[in-house]
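Asker: Got a predicted structure here, sequence first:
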Amino acid sequence: MRTYNFSAGPSMMPLEVLERAAAELTDWKDGMSVMEVSHRGKDFVATATATRHKLRTLLEIPDDYEVLFLQGGAYGQFAAIPMNLAPRGALVNLINTGQWSAKACKEATTLGAQVRVIADEKASNYTTVPAPGSFTIDADAAYVHYTPNETIGGVEFSYVPDTGAIPLVGDFSSTILSRPLDVAAHGVIYAGTQKNMGPSGMAVVIVRRDLLDRAHPGIPSIWSYKSMAETDSMLNTPPTFSIYMLGLVLDWIADNGGLDGMARRNQEKAEALYAAIDSSPFYSNPVAPDARSWMNVPFLLADPSLDKVFVAEAEQAGLMNLAGHRSVGGLRASLYNAMPIEGVRALIDFMDSFATAHG
């Protein structure tokens, strides 16, 4: 029996995608699994090329951007970005809205960048995002980094920061493919695949070509955007299964209304769950209403001692992985693309019955 998986990642995947992958798993081409074929063979090269084209089409990626399929996940990009965009000692601007922003800051600092946090939402305990225009960007900054969606805190930008001529870098791991995206407003977009794009094991990086010559001297070739762009992300053996699965996910998105369809689907789910939380004295959401995430919804019980009971009883009802992140506690429901509205309705019904039984 399939359950509703509210995990923040690796996350629920579309059933149609899993069934197609299962059907092809042992015989994708010539009696071999996609995991067994050479990444340099014509069949896999064609698949990787097609996957890149599908992503370009869905996101309307301009021609002057490269699309890279890299290993190391989004965490690896915390280090790769300063190595590729900021010479040692260069000034970097960062907007801090939570734990993932802070990790990006730490890695950039470790790699020799001079990081200035131009907006920090610490005063709200990271339950807000800065207002547009409320921060000053340094004219000599190598780039500005922000996290459009903080997976742990459930905080999300409703706008794209205007950084002028300074390249804007965004960690879109939790929000990519959930709605239309203005790629051209960014110098670099990066995302781990384990939330809206398929299984874990890969990061997708979309980088404007004029930024490819900014790398540190002596950057390891495996981390070099330029080296990876010149080899179609096949400098070494790429994460072949993740590339294949991304292609299947992109087909599913296209078949379900594209990014406009995902946006309608995700907005409906988020609004339904927030309405249920806000209408009950038994539950609360700590995030400012204008900064609430569509993708990750943290919520608290009036009696925190019931958290473990809630999680255990939810699992018995087929609602999985609702415990909050270990660093903050509480509860959290992640509503990525593959989560159907039926799953959210099942969660709301359970929340109602739990409040009645324990309130």
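Answerer: Happy to help now that I have it. Residues are numbered from 1 along each chain as shown.

Asker: longest helix anywhere in the protein?
Answerer: Scanning the chain for the helix with the most residues, using DSSP state H, yields helix 258-278.

Asker: ok, and for that helix, which residues are buried?
Answerer: Buried residues in helix 258-278, counted by 16 or more other C-beta atoms under 10 Å: 259, 262, 265-266, 269-270, 272-274, 276-277. For glycine as for every other residue, the C-beta is placed from the backbone atoms N, C-alpha and C.

Asker: what's the answer for stretch 149-163, then?
Answerer: 149-157, 161, 163.

Asker: and residue 105, what does it touch?
Answerer: Going by C-beta atoms under 8 Å, 6 or more residues apart in numbering, residue 105 touches 94, 96, 115, 117, 145.

Asker: Parallel or antiparallel, list what pairs with the following helix or strand past the longest helix of the chain.
Answerer: Per DSSP states H and E, the first helix or strand lying C-terminal to helix 258-278 is strand 283-284. According to DSSP bridges, strand 283-284 has the following sheet partners: strand 296-301 (antiparallel).

Asker: Determine the angle, from 0 to 180 degrees, between the strand it pairs with and helix 258-278.
Answerer: If you take axes from the mean of the first three to the mean of the last three C-alpha atoms, to 10 degrees, strand 296-301 sits at 10 degrees to helix 258-278.

Asker: Which residues does strand 296-301 contact?
Answerer: By C-beta under 8 Å, 6+ apart, strand 296-301 touches 8, 149-154, 174, 270, 273-274, 277, 282-287, 307, 310, 324, 328, 330-335.

Asker: do stretch 121-136 as well
Answerer: 95-99, 118-119, 150, 153, 155-159, 161-162, 286-288, 291.

Asker: buried set for it?
Answerer: Neighbour-count burial for stretch 121-136 [16+ other C-beta under 10 Å]: 121, 126-130.

Asker: Can you tell me which of those residues is nearest residue 201?
Answerer: Comparing the buried residues of stretch 121-136 against residue 201 with C-beta to C-beta places residue 126 closest, at 28.5 Å.

Asker: And what about that closest one, helix, strand or coil?
Answerer: Classification of residue 126 using DSSP: H, G, I helix; E, B strand; the rest coil returns coil.

Asker: By neighbour count, which of the contacts of residue 105 wins?
Answerer: Using other C-beta atoms under 10 Å as the neighbour criterion, residue 145 leads these with 28 neighbours.

Asker: so what's it up against?
Answerer: 81, 92-95, 101, 104-105, 108, 169-171.

Asker: Ok, residue 87 next?
Answerer: Residue 87 is in contact with 142, 214, 216, counting by C-beta under 8 Å, 6+ apart.

Asker: just residue 331 next, same as before
Answerer: Residue 331 is in contact with 298-301, 307, 310-311, 322-324, counting by C-beta under 8 Å, 6+ apart.

Asker: at 10 Å instead, please
Answerer: For residue 331, the contact set (C-beta atoms under 10 Å, 6 or more residues apart in numbering) comprises 6, 283, 297-301, 304, 306-307, 310-311, 314, 322-324, 351.

Asker: got it, and residue 177?
Answerer: Contacts of residue 177 by C-beta under 10 Å, 6+ apart are 55, 58-59, 191, 193, 195-197, 204, 246, 249-250, 253, 258-259, 262, 266, 336-337.

Asker: The contacts of residue 331, buried ones only, as a ChimeraX selection?
Answerer: This is how ChimeraX selects the buried members of those, with burial counted by 16+ other C-beta under 10 Å:
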select :6,283,297,298,299,300,301,306,307,310,311,314,322,323,324,351
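
Asker: What's the end-to-end length of stretch 161-175?
Answerer: 16 Å (C-alpha to C-alpha, to the nearest Å).

Asker: Looking at that stretch now, give me its mean pLDDT.
Answerer: Across stretch 161-175, the average pLDDT comes to 97.

Asker: Now do the buried residues in it.
Answerer: For stretch 161-175, a neighbour-count test (16+ other C-beta under 10 Å) marks 161, 163, 166-175 as buried.

Asker: Can you pick out the ones from the contacts of residue 145 that are in strands?
Answerer: Counting by DSSP state E, the part of these found in strands is 92-95, 169-171.

Asker: sorry, back to before: adding distance to residue 225 and pLDDT, write the buried residues of stretch 121-136 out as TSV.
Answerer: As requested, those are exported to TSV (distance: C-beta to C-beta, whole Å; pLDDT from 0 to 100):
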residue	distance to residue 225	pLDDT
121	29	97
126	30	97
127	34	97
128	32	98
129	28	98
130	28	98
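
Asker: In TSV, list those residues along with distance to residue 39.
Answerer: Shown next, in TSV, are the buried residues of stretch 121-136 (distance: C-beta to C-beta, whole Å):
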residue	distance to residue 39
121	42
126	40
127	44
128	44
129	40
130	42
